[in-house]
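Novice: this is the structure alone, sequence omitted:
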């Protein structure tokens, strides 16, 4: 038994060595987030000059932080699956179904429900169940995560539309909204919540067995399995946690607007994926972390804010975001891990 443990440890060390020797691994080890900090500095410099200093006004900085909060939570969720070398496209569907659930269970103008703060565990359970199904489809039915999560997204979005009858659900409960629009020491509370979540995930990734095994799977799943890592268990756990965080984001969107609708999940995936890539999380897996997701989100939101202040054409803004995504993926993907590019 002791000999087997030693062999497993040696194999895990081999995985870590391969990660370190890879191109992306070298870049991440040398510049864990300093590259992102430099990029953010460049964005700030450009728009500070372009807006005549208006970009650096304190109210605008607080606006950026407030706008970055929910996208940051979504980015923190999806980047975990990407670190494993998988993909999760169910973001919009899970947000839609949890948003509708929030609207129907909180005090609203449609029914007599009012679960109060119990809505938090409810959306965590709904999102977690959806995420767990994603994990089971990937591990037990051996379905590519790209296809299974995309199908899950459309399924849940359809259920959300059907349950809500395609209409908005106005809320009469302003308790959550008051929390999310409040400030603490001048900083938006919603941003502090997102930051706390990021630091918690950073701790899990760096200090727990779950986090280390997640990186091992992303680095080389075959070697990780040979080293004794329980691949299916880790994948299902990460997909479940990701779904729970999506659920939390759905609740926060509803609370911020004080209204619920299935369409709240629309157009959230692309910004989250862009932030993941810009933050330096490799889409080939094994590289990146929560700090990268945090900085990536701030960079993307700061970029869009600057484009708005400079009154750039909205269509051009979309083009700029597309170019940024392509460049970010080109710089972070580890081509040594991909034998054939299709």
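Specialist: Ah, there it is. Just so we're clear, the structure is a prediction, and the values are computed from it rather than from any experiment.
Novice: tell me where the stretch 151-300 of the chain has helices.
Specialist: For the stretch 151-300 of the chain, helices defined by DSSP state H, counting those that start in this stretch occupy the ranges 175-180, 189-207, 209-219, 221-226, 231-257, 269-278, 290-309.
Novice: ok, now the stretch 1-150 of the chain?
Specialist: Going by DSSP H, counting those that start in this stretch, the stretch 1-150 of the chain shows helices at 2-21, 23-30, 34-50, 58-83, 91-105, 119-139, 145-164.
Novice: so which of those gets nearest residue 299?
Specialist: Among those, the nearest to residue 299 by C-beta to C-beta is helix 34-50 (5.1 Å). From N, CA and C alone the C-beta is placed, and that goes for glycine too.
Novice: quick revisit: same list, the helices of the stretch 1-150 of the chain, but as a markdown table with mean neighbour count, mean pLDDT and distance to residue 268 please.
Specialist: Output for the helices of the stretch 1-150 of the chain, formatted as a markdown table (neighbours: other C-beta atoms under 10 Å; pLDDT from 0 to 100; distance: least, C-beta to C-beta, whole Å):
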| stretch | mean neighbour count | mean pLDDT | distance to residue 268 |
| --- | --- | --- | --- |
| helix 2-21 | 14 | 53 | 30 |
| helix 23-30 | 17 | 41 | 26 |
| helix 34-50 | 15 | 87 | 21 |
| helix 58-83 | 23 | 94 | 6 |
| helix 91-105 | 28 | 95 | 5 |
| helix 119-139 | 21 | 96 | 14 |
| helix 145-164 | 19 | 94 | 11 |
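Novice: for these, which one sits closest to residue 200?
Specialist: Residue 200 lies closest, by C-beta to C-beta, to one member of the helices of the stretch 1-150 of the chain: helix 58-83, at 9.3 Å.
Novice: chain center to the closest one: distance?
Specialist: 8 Å (C-alpha atoms, centre = their mean, to the nearest Å).
Novice: other SSEs contacting that helix?
Specialist: In terms of contacts (3 or more C-beta pairs under 8 Å, 6 or more residues apart in numbering; DSSP states H and E), helix 58-83 is packed against helix 91-105, strand 187-188, helix 189-207, helix 209-219, helix 231-257, helix 269-278, helix 290-309.
Novice: just the angle between that helix and helix 91-105, please?
Specialist: If you take axes from the mean of the first three to the mean of the last three C-alpha atoms, to 10 degrees, helix 58-83 sits at 120 degrees to helix 91-105.
Novice: stretch 213-225 spans what distance, first to last residue?
Specialist: Distance across stretch 213-225, first residue to last, is 10 Å (C-alpha to C-alpha, to the nearest Å).
Novice: ok, back up a step: among the helices of the stretch 151-300 of the chain, which is nearest residue 155?
Specialist: For the helices of the stretch 151-300 of the chain, proximity to residue 155 was assessed by C-beta to C-beta; helix 231-257 is nearest, at 13.3 Å.
Novice: and that closest one, which residues are buried?
Specialist: Of the residues in helix 231-257, 231, 234-257 count as buried by neighbour count, 16 or more other C-beta atoms under 10 Å.
Novice: for it, packing partners?
Specialist: For helix 231-257, the elements it packs on are helix 58-83, helix 91-105, helix 119-139, helix 175-180, helix 189-207, helix 209-219, helix 221-226, judged by 3+ C-beta pairs under 8 Å, 6+ apart.
Novice: sorry, back to before: and of the helices of the stretch 151-300 of the chain, who's closest to residue 70?
Specialist: Among those, the nearest to residue 70 by C-beta to C-beta is helix 231-257 (5.6 Å).
Novice: got TSV for the helices and strands packed on helix 58-83, with distance to residue 111 too?
Specialist: Formatted as TSV, the helices and strands packed on helix 58-83 follow (distance: least, C-beta to C-beta, whole Å):
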stretch	distance to residue 111
helix 91-105	7
strand 187-188	31
helix 189-207	27
helix 209-219	39
helix 231-257	15
helix 269-278	30
helix 290-309	35
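Novice: of all these, which one is nearest residue 165?
Specialist: Across these, closest to residue 165 is helix 91-105 (C-beta to C-beta), at 10.0 Å.
Novice: next, the angle from that closest one to helix 231-257.
Specialist: 50 degrees.
Novice: by contact count, what packs against helix 91-105?
Specialist: Here helix 91-105 touches helix 58-83, helix 119-139, helix 145-164, strand 169-170, helix 231-257, strand 259-260, helix 269-278, going by 3+ C-beta pairs under 8 Å, 6+ apart.
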